[in-house]
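Student: just a sequence and a predicted model for now, questions to come.
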Amino acid sequence: QVQLGESGGGLVQAGDSLRLSCAASGRTFDNYAMSWFRQAPGKEREFVAGINLSGGSTYYVDSVKGRFTISRDNPKNTVYLQMNSLKPQDTAVYYCAAKRTFGSYVPRDSSAYTSWGQGTQVTVSS
């Protein structure tokens with residue numbers, strides 16, 4: 001399994017941008033699909049974006065399509081989430097997660113993931 005650590009969260013105003021990073025340990029990062037989830041107070045953890053092993057396939061929840069972009073740099077063992085046009089409803093703790101998979105498969109169910117970061121807080125004020 002890989003160990004994950006997020007960074008890049010913070011307090012911003014509506015319309016601003018943030019880039020989250022998730023650094024992974026280990027030498028088999030490119031065997032893992034990577035995803036970002038978020039959890040707001042009182043709500044269930046929600047799939048936000050996912051990317052397959054090579055980075056050639058990406059997936060998003062409808063509420064962030066066109067505003068968020070997930071990418072990965074396999075030589076650097078890092079996955080990113082570029083968040084533009086942030087809205088107050090994007091406020092949550094954001095987690096990165098890893099799942100050993102094949103091909104283009106990227107699960108959206110949080111229970112499928114075997115490794116999680118500690119989370120980073122994103123707060124968007126109106």
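Tutor: Nice, thanks for sending it over.

Student: helix or strand for the residue sitting nearest the centre point of the chain, which one?
Tutor: Central residue of the chain (C-alpha atoms, centre = their mean): Trp36, 2.1 Å from the mean position. Applying DSSP states H and E as the criterion places Trp36 in strand 32-39.

Student: can I get that strand as PDB, trimmed to CA atoms?
Tutor: Extracted C-alpha coordinates of strand 32-39, given in PDB (Å, rounded to 0.1, in the frame of the first residue of the first chain):
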ATOM      1  CA  TYR A  32      -2.900   3.000  -8.300                       C
ATOM      2  CA  ALA A  33      -5.900   4.800  -9.400                       C
ATOM      3  CA  MET A  34      -6.100   8.100  -7.500                       C
ATOM      4  CA  SER A  35      -9.100  10.000  -6.400                       C
ATOM      5  CA  TRP A  36     -10.100  13.000  -4.400                       C
ATOM      6  CA  PHE A  37     -13.100  12.900  -2.000                       C
ATOM      7  CA  ARG A  38     -14.500  15.600   0.300                       C
ATOM      8  CA  GLN A  39     -16.600  15.600   3.400                       C
END
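
Student: next SSE downstream of that strand?
Tutor: Counting by DSSP H and E, what follows strand 32-39 is strand 46-51.

Student: now do the helices in the chain.
Tutor: Read by DSSP state H, the chain holds no helices at all.

Student: which residues of it fall in strands?
Tutor: 4-7, 10-13, 18-24, 32-39, 46-51, 58-60, 68-73, 78-83, 92-100, 115-116, 120-125 (DSSP state E).

Student: distance of Thr91 relative to Ile70?
Tutor: Look at Thr91 and Ile70: by C-beta to C-beta, to the nearest Å, they are 19 Å apart. C-betas here are computed from N, CA, C, even on glycine.
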